[in-house]
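Student: Sequence first, predicted coordinates after that:
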Amino acid sequence: MGMLRAIDNGIKRLIQVWHRRSGKEKTDLNIVAKKMFERVGAYYYVFPTYRQGKRVLWKGMDKSGFKFMDHIPKELRKTTDNTEMFIELKNGSTFQIIGSDNIDSIVGANPIGVVFSEYSLQDPQAWDYIRPILAENGGWAIFNFTPRGKNHAYDLLEYAKTDEKWYVSVLTVNDTQAIAQDVLDQERKEIVAKNGDDAIYQQEYYCSFEASVQGSYYGLQMAKALEDKRITSVPYDPTVKVDTWWDLGVGDAMAIWFTQSIGREVHIIDYLEADGEGIPYYMAELQVRGYVYGTHYWPHDGEARELTTGVSRKETAQKLGLSPILIVENIGLDDGIQAARLFLARCWFDVTKTHRGQDVLKSYHKEYDEKRKVYKNVPAHDWSSHGADGFRYLAVGHAQYKDVIVQSKRPRTDSKMTKWG
């Protein structure tokens with residue numbers, strides 16, 4: 001088997017893009033089980049969410065009814081904790097399933113083997129956190145996924161193809177012959193009937209990155225920005241004030257976009273995102289950047305009063321010196337997303353300082369129904385939500401405030417606005 005042979009021969013980084021129902025998890029779990037006996041240490045299996053890990057792997061089974069976790073023999077285990085999805089072997093090795101949405105749960109750990117399952121749906125910061133640990137201890141990492149558009153997982157795949165120290169395996173149903181043709185024909189027939197085309201069929205069984213943009217809200221627009229070379233070096237212009245656009249998440253999770261308006265162009269020069277921090281933290285971060293600020297734009301929920309204090313977050317920020325703050329109109333989710341799609345054509349992104357923000361916009365997607373093989377008409381609430389919401393407020397707020405201001409300053413001819421030059 002190519003994957004196992006590669007890792008046995010010293011390859012430390014592996015990409016596994018296999019079609020749906022190809023046995024990715026069964027393969028990777030067996031690799032983990034083997035390695036747990038060869039080198040004592042901590043091994044992690046990371047899913048997009050803790051709940052998904054529990055459903056797919058901890059409680060999951062293959063088509064023959066064999067439980068996945070039985071690949072780690074019970075007679076060789078010292079303890080099994082169902083609540084924590086944790087196993088300790090008699091030789092001292094440990095195994096645990098976690099969600100990338102809670103990567104802080106392994107702070108202080110020293111894993112030597114990690115599988116990132118469905119990496120295309122994961123927060124890429126999980127890998128950023130674990131990467132230096134594996135680099136220091138000589139550990140390995142496997143990234144398995146089915147395509148979900150040209151997001152961070154696609155970028156990693158394209159990089160891996162150029163690096164001889166990475167192993168890449170891309171397998172479609174034509175390669176594995178794992179699913180009978182009559183079953184595939186029926187799958188395609190049902191998917192076309194539900195969706196009007198076979199895009200998801202191509203995604204799921206032929207590993208198509210092109211097809212899966214239909215689940216992405218901003219995938220096409222971000223691809224066009226890259227094609228137009230609008231993702232490049234966008235330096236701060238000290239002669240133009242910087243506006244900030246905030247998303248205020250639940251539990252102190254926030255995202256902030258930093259922009260400068262240059263004529264019709266909107267230069268997005270920076271992006272900030274954090275979790276578990278209060279308003280003072282973000283204000284300190286704004287100061288550290290050294291920009292000359294204009295206006296700070298907040299969503300409508302910034303005026304909501306906290307139940308415990310009776311004070312809104314807007315009032316708290318103003319008392320700490322953040323001013324002026326304007327509230328962006330709430331025009332509804334669907335209209336806001338459409339506004340953001342149109343607005344992206346005017347945006348230039350700094351390739352380095354907005355890298356996280358770019359990942360957010362490329363990954364923001366509709367919720368996917370695994371059973372029915374169809375995208376729902378609602379966004380999936382995951383790691384990309386806060387930043388995408390912040391960008392939506394940027395698009396709506398720019399139309400509400402900035403464009404109105406620019407237009408009002410334009411010279412008039414016969415009482416009519418002049419057209420954009």
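Tutor: Right, received. Where do you want to start? Numbers count the residues shown, from 1 in each chain.
Student: now the helices for the stretch 201-350 of the chain?
Tutor: Counting by DSSP state H, counting those that start in this stretch, the stretch 201-350 of the chain forms helices over residues 219-227, 279-289, 313-319, 333-343, given from the N-terminal end onward.
Student: and the shortest one, what other elements does it pack with?
Tutor: Packed against helix 313-319 by the contact rule (3 or more C-beta pairs under 8 Å, 6 or more residues apart in numbering; DSSP states H and E) you find helix 279-289, strand 325-327. Placement of C-beta: from N, CA and C, glycine included.
Student: Just say which of those is most tucked in.
Tutor: Comparing the helices and strands packed on helix 313-319 by mean neighbour count (mean count of other C-beta atoms under 10 Å), strand 325-327 ranks first with a mean of 16.
Student: Mind listing residues that contact stretch 177-186?
Tutor: Stretch 177-186 is contacted from outside by 19, 21-23, 173, 205, using C-beta atoms under 8 Å, 6 or more residues apart in numbering.
Student: I'd like the helices and strands packed on helix 313-319 as TSV, with mean pLDDT and distance to residue 191 appended.
Tutor: As requested, those are arranged in TSV below (pLDDT from 0 to 100; distance: least, C-beta to C-beta, whole Å):
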stretch	mean pLDDT	distance to residue 191
helix 279-289	94	44
strand 325-327	96	43
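Student: Next, format those as JSON lines and append distance to residue 197.
Tutor: What follows is the helices and strands packed on helix 313-319, written out as JSON lines (distance: least, C-beta to C-beta, whole Å):
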{"stretch": "helix 279-289", "distance to residue 197": "43"}
{"stretch": "strand 325-327", "distance to residue 197": "41"}
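Student: Can you check which of the ones you listed gets nearest to residue 236?
Tutor: Nearest to residue 236, of all these, is helix 279-289, at 8.5 Å by C-beta to C-beta.
Student: gap between the closest one and the chain center?
Tutor: For helix 279-289, the distance from its own C-alpha centre to the chain's C-alpha centre is 24 Å (C-alpha atoms, centre = their mean, to the nearest Å).
Student: and it, what does it pack onto?
Tutor: Using 3+ C-beta pairs under 8 Å, 6+ apart as the contact criterion, the secondary-structure elements in contact with helix 279-289 are strand 254-262, strand 265-274, helix 313-319.
Student: Okay, now the unreliable bits of the stretch 1-150 of the chain?
Tutor: Low-confidence segments of the stretch 1-150 of the chain, defined by pLDDT under 70: 1.
Student: Mind jotting down where the helices sit in it?
Tutor: In order along the chain, the stretch 1-150 of the chain carries the following helices (DSSP H, counting those that start in this stretch): 2-8, 24-38, 50-53, 125-137.
Student: For those, could you give me CSV that also reports mean neighbour count and distance to residue 91?
Tutor: As requested, the helices of the stretch 1-150 of the chain are arranged in CSV below (neighbours: other C-beta atoms under 10 Å; distance: least, C-beta to C-beta, whole Å):
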stretch, mean neighbour count, distance to residue 91
helix 2-8, 16, 19
helix 24-38, 18, 7
helix 50-53, 18, 24
helix 125-137, 15, 18
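Student: Could you report the neighbour count for residue 54?
Tutor: Residue 54 is flanked by 16 other residues according to other C-beta atoms under 10 Å.
Student: for residue 41, same thing?
Tutor: Residue 41 has 16 nearby residues by other C-beta under 10 Å.
Student: Please work out which of the helices and strands packed on helix 279-289 is packed deepest.
Tutor: Sort the helices and strands packed on helix 279-289 by mean neighbour count, taking mean count of other C-beta under 10 Å, and strand 254-262 sits at the top with a mean of 22.
Student: contact partners of it?
Tutor: 236-237, 240-249, 266-275, 277, 282, 286, 289, 291, 357, 360, 386-387, 389-391, 394, 398, 402, 406.
Student: Could you check how far that strand is from the centre of its chain?
Tutor: Chain-centre distance of strand 254-262: 19 Å, with C-alpha atoms, centre = their mean.
Student: Using PDB, write out the CA atom coordinates for that strand.
Tutor: Taking C-alpha atoms only, strand 254-262 is exported to PDB below (Å, rounded to 0.1, in the frame of the first residue of the first chain):
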ATOM      1  CA  MET A 254     -14.200  38.500  16.900                       C
ATOM      2  CA  ALA A 255     -12.900  39.300  13.400                       C
ATOM      3  CA  ILE A 256     -11.800  42.600  12.000                       C
ATOM      4  CA  TRP A 257     -11.000  43.700   8.400                       C
ATOM      5  CA  PHE A 258      -8.800  46.700   7.800                       C
ATOM      6  CA  THR A 259      -9.400  48.700   4.600                       C
ATOM      7  CA  GLN A 260      -8.400  51.800   2.800                       C
ATOM      8  CA  SER A 261     -10.600  53.300   0.100                       C
ATOM      9  CA  ILE A 262      -8.700  54.500  -3.000                       C
END
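Student: what does the model give the nearest residue to residue 195 once chain neighbours are set aside for pLDDT?
Tutor: Nearest residue to residue 195, sequence neighbours excluded (C-beta to C-beta, 6 or more residues apart in numbering): residue 374, at 5.9 Å. Reading off the confidence values, residue 374 has pLDDT 75.
Student: so who does residue 374 touch?
Tutor: When contacts are counted by C-beta under 8 Å, 6+ apart, residue 374 touches 191, 194-195, 200, 368.
Student: how close does it sit to residue 334?
Tutor: Using C-beta to C-beta, to the nearest Å, residue 374 is found at 18 Å from residue 334.
Student: again with residue 276
Tutor: Here the distance between residue 276 and residue 334 works out to 30 Å (C-beta to C-beta).
Student: for the record, mean pLDDT for stretch 210-223?
Tutor: Across stretch 210-223, the average pLDDT comes to 81.
Student: What is the distance between that stretch and the centre of its chain?
Tutor: In terms of C-alpha atoms, centre = their mean, the centre of stretch 210-223 is set 13 Å apart from its chain centre.
Student: Give me the contact list for it.
Tutor: The contact list for stretch 210-223, computed with C-beta under 8 Å, 6+ apart, reads 147-151, 195, 198-203, 231, 337, 340-341, 344-345, 358, 361-366, 368, 375, 379, 388.
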